[in-house]
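**Q** one predicted model, sequence on top.
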Amino acid sequence: NLRQFTGSNIQWVECDVRMHPKTHQLILRHDSYENTPLKDDEDPMHLCDLLNRIKVLDRSIKLDLKENGQVIDETLKLVQSVGFNDSALWFNGELEIIGEKGFRKLKKTHPDAILQCPIDRYAPLILSRPQKTRQLLFTFLSWGINRFSIKWGTSHIMEILDHFDQWGFGLN
């Protein structure tokens, strides 16, 4: 996938970031270790390697943070050491994983980066109590989140998109 990306004119690359359970280095891995245990011969790519390649190509990166705490801190250190501009950074994470503290830290460190969280679980609330949901989303905005995402397969997606258009919230 990386070879295809580097040979294309696509600007953004997305990767899932986790902490390797043995080496404690940041790696690219979608599946959790609980659901898909680490194999003895598994040799995942390190985030540092990818960041350096993307920076050399003058491209942008979406970092899907799959864990909280040290993963956020170490990711921020690596991004800083490579020297990405905020305009080339997009952080994504689940609300219950990243949390208020994590999103505030990302915002403080990279105020002009995209900070996104999925809101699929709020779809029923958006439809049944739109004003209450709007207030809740404003709370998330106060944490630094500046974009929300929702799966295309979500029931009543067009009605949800209409609400986001009316509210003026960024939605991916």
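**A** It's in. Numbering: from 1, shown residues only.
**Q** the longest helix seen in the chain: what's the following helix or strand?
**A** With secondary structure taken from DSSP state H, the chain has its longest helix at helix 95-109. The C-terminal neighbour of helix 95-109 among helices and strands, as given by DSSP states H and E, is strand 114-118.
**Q** partners of that following strand, with directions?
**A** strand 89-92 (parallel), strand 147-149 (parallel) (DSSP bridges).
**Q** what's the most buried one of those?
**A** Ranked by mean neighbour count under mean count of other Cβ atoms under 10 Å, these are led by strand 89-92, which reaches a mean of 22. Using the backbone N, CA and C atoms, a C-beta is placed for each residue, glycine as well.
**Q** just the CA atoms of that strand, as CSV, please.
**A** Coordinates of each C-alpha in strand 89-92 appear next as CSV, following Å, rounded to 0.1, in the frame of the first residue of the first chain:
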residue,chain,number,x,y,z
LEU,A,89,-1.9,16.6,10.2
TRP,A,90,-5.2,14.9,10.9
PHE,A,91,-5.7,13.1,14.2
ASN,A,92,-8.7,10.8,14.6
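**Q** sorry, back to before: tell me the mean pLDDT over the longest helix of the chain?
**A** Mean per-residue pLDDT for helix 95-109: 97.
**Q** identify the residues contacting the residue positioned nearest the centre of the chain.
**A** For the chain, the residue nearest the mean C-alpha position is Asn92 (1.3 Å; Cα atoms, centre = their mean). For Asn92, the contact set (Cβ atoms under 8 Å, 6 or more residues apart in numbering) comprises Lys62, Leu63, Asp64, Leu65, Gln116, Cys117, Pro118, Ser149.
**Q** if we use 6 Å, what do you get?
**A** Contacts for Asn92 (Cβ atoms under 6 Å, 6 or more residues apart in numbering) come out as Asp64, Gln116.
**Q** related to what we said a few turns ago, please compute how far the longest helix of the chain lies from its chain's middle.
**A** The chain centroid and the centroid of helix 95-109 are separated by 11 Å, computed with Cα atoms, centre = their mean, to the nearest Å.
**Q** fine, thanks again, bye for now.
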